[in-house]
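Participant: Build me a model from this:
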Amino acid sequence: MEPTTQELMVGKIVSISELNVAVLINDEKVKYHDMLYTYNKGKKIQFEVAEEEGNIVSTIPFQSVIGLKKGLPVYKEDSGLEIEYSDAILGKVFDSYGNLIDQNVIENPNKRNVYSRNLTLEEISLNGGILWTGIKVLDFFAPMQKGFKMGLLGGAGVGKTVLIKELIHNVYTGLNSNSVFVGVGERSREGKELYDEMKEADLLDKMAIVFGQMGENSSARSKAVFSGLTLAEYLRDEKHQDVLLFIDNIYRYVQAISEVNAELSRVPIENGYPANINSAVSNVEERINSTEKGSITSFQAIYIPADDTTDQAVQTITTHLDGQIVLDRKVAEKGLYPAVDVFNTTSKLIDIDKVGERHYRLVEEALRYYSRYRELEEIIAVLGIEELSQADTNVFYRTRKLRNYFTQPMFVAENYTGIPGEFVKIDDILDDVENIITGKYDDYDESRFMFIGKFNG
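Facilitator: Here you go, the predicted model:
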């Protein structure tokens, strides 16, 4: 591929590094986020303007810079970084730059700039209503409002992918809404696994996927989230849907921004994070909101470096969140799925004014039972269960029933478990929890509560 006579030359390359190609610009106007490109051995290499200093602009290359030379002519794209903005996004897998990577083809593409959308205050709706997922433990302990941003914390092997798949399934079934999955710094093996699992669960055509893979440069990892946001905005603004947006992993986005800033010689602050870390995170989070037409509700997996929750990046991300769902290996080891740690799982919606007094009081009471159960386990280990008072014996057995009740058969795991999936309404959940706590179900064996939907005594 070679330049044509119509292409507008705007300058020449003056220096090259892995994440920064400096271009000497002639009189052409070039601004932040503009897309420039050059040719190297017939191949088109693109860069995005990151910084201007007089006639020199620093640009972030999208592809490998190997083979580029000083003095190569640089041209300007008519449009910046774009991704498809139509119904054709469903069932497709894109890279960070909006290119298809799944052997699919989109006829008559209709693209949109990935930075073009920012909600005005007038557009944002705070009365999005509650997004019931049909998953008992989430709807009870951490209900979500449409437009919420939820953290999803948990290591490998605790059932994060199954929970994500079930959320996609249930929201599509309940609301006929689609989902968007964004892999930021995703391992290519994990990306392929997710793709295959979604296909097997018959969910692929209900979602759009963007992958910025771990092996690619920092630019790809920092742009994936903007491409994913644009896909979600299409579903919200044009299809008027309540969209689920999964970002795995939002910390990798901050990491990528830090690497780009280091290459641009910007002085870092604490822990090597850039001074613009707040605005970098806000640029993503502020686009996730509810409007009168639809909503984007996001689940953001957060890697916590060295398990340090006071880390500057983790703190910056969590200030934007409306709650968090924590998956715990100790819960998973007991065979309780979803393996949710109810003590650390929170939501701003657990408020008398928002979920009502009954729901609020039941959550308080359930957590009191769980807390006392932990103490009783230690007492029983030393003295035996016979030494407990009647009140404590009730708490012990009722909490075990509660714990079992919050397991659930998943639609997307039917092939493995042989148990049909269940979508449970919030009123049924509240009735069952109340009946367990008040002793109405004391005569039933705790095994009756494992992997069921609504309890049928």
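
Participant: Pull the distance from stretch 170-183 to the chain's centre.
Facilitator: 12 Å (C-alpha atoms, centre = their mean, to the nearest Å).

Participant: Can you name the residues in contact with that stretch?
Facilitator: 90, 131-135, 164, 167-168, 190-191, 194, 203, 206-213, 224-225, 227-229, 231-232, 235, 239, 241-248, 411, 423 (C-beta atoms under 8 Å, 6 or more residues apart in numbering). Where C-beta positions appear, they are placed from N, C-alpha and C, glycine not excepted.

Participant: Provide a list of residue ranges in the stretch 251-400 of the chain with pLDDT below threshold.
Facilitator: For the stretch 251-400 of the chain, residues meeting the criterion pLDDT under 70 lie at 267-272.

Participant: the helices in it, which residues?
Facilitator: Assigned by DSSP state H, counting those that start in this stretch, the stretch 251-400 of the chain shows helices spanning 277-285, 312-318, 329-333, 352-355, 357-383, 390-405.

Participant: Quick one, which of those gets closest to residue 71.
Facilitator: Proximity to residue 71 (C-beta to C-beta) singles out helix 277-285 among these, at 33.0 Å.

Participant: Give me the helices and strands touching that closest one, please.
Facilitator: On a contact count with 3 or more C-beta pairs under 8 Å, 6 or more residues apart in numbering; DSSP states H and E, helix 277-285 meets helix 218-237, helix 250-263, helix 312-318.

Participant: So which of those is the most surrounded?
Facilitator: helix 218-237 (a mean of 26; mean count of other C-beta atoms under 10 Å).

Participant: After that one, which helix or strand is next?
Facilitator: strand 242-248 (DSSP states H and E).

Participant: Looking at residue 196 now. What's its pLDDT?
Facilitator: pLDDT, residue 196: 86.

Participant: All further residue positions should be reported with the first residue as 612.
Facilitator: With 612 as the first residue, the last one maps to residue 807.

Participant: Pull the residues that contact the helix or strand hosting it.
Facilitator: For residue 807, the host element (DSSP H and E) is helix 799-811. Helix 799-811 has contacts (C-beta under 8 Å, 6+ apart) with 704, 713, 772, 776, 779, 792, 794, 797, 815, 818, 820, 822, 824-826, 1026.

Participant: Apply 10 Å and report the result again.
Facilitator: The contact list for helix 799-811, computed with C-beta atoms under 10 Å, 6 or more residues apart in numbering, reads 702, 704, 712-713, 767, 772-773, 775-776, 779, 790, 792, 794, 797-798, 814-818, 820, 822-827, 857, 859, 1023, 1026.

Participant: I'd say residue 762 and residue 929 touch.
Facilitator: Yes: here residue 762 reaches residue 929: they are 6.4 Å apart, a contact under C-beta atoms under 10 Å.

Participant: between the two, what contacts are shared?
Facilitator: 911, 913, 915, 935.

Participant: And the furthest pair within the residues you listed?
Facilitator: Largest separation among those by C-beta to C-beta: 911 and 915, giving 12.4 Å.

Participant: any shared contact partners between these two?
Facilitator: 762, 764, 862, 929.

Participant: Could you chop the protein up by domain?
Facilitator: Per automatic domain parsing, the domain ranges recorded for the chain read 620-687, 693-957, 966-1060.

Participant: rewinding a little: looking at the shared contacts of residue 911 and residue 915, spot the one nearest residue 900.
Facilitator: Of these, the one sitting nearest to residue 900 (C-beta to C-beta) turns out to be residue 762, at 16.9 Å.
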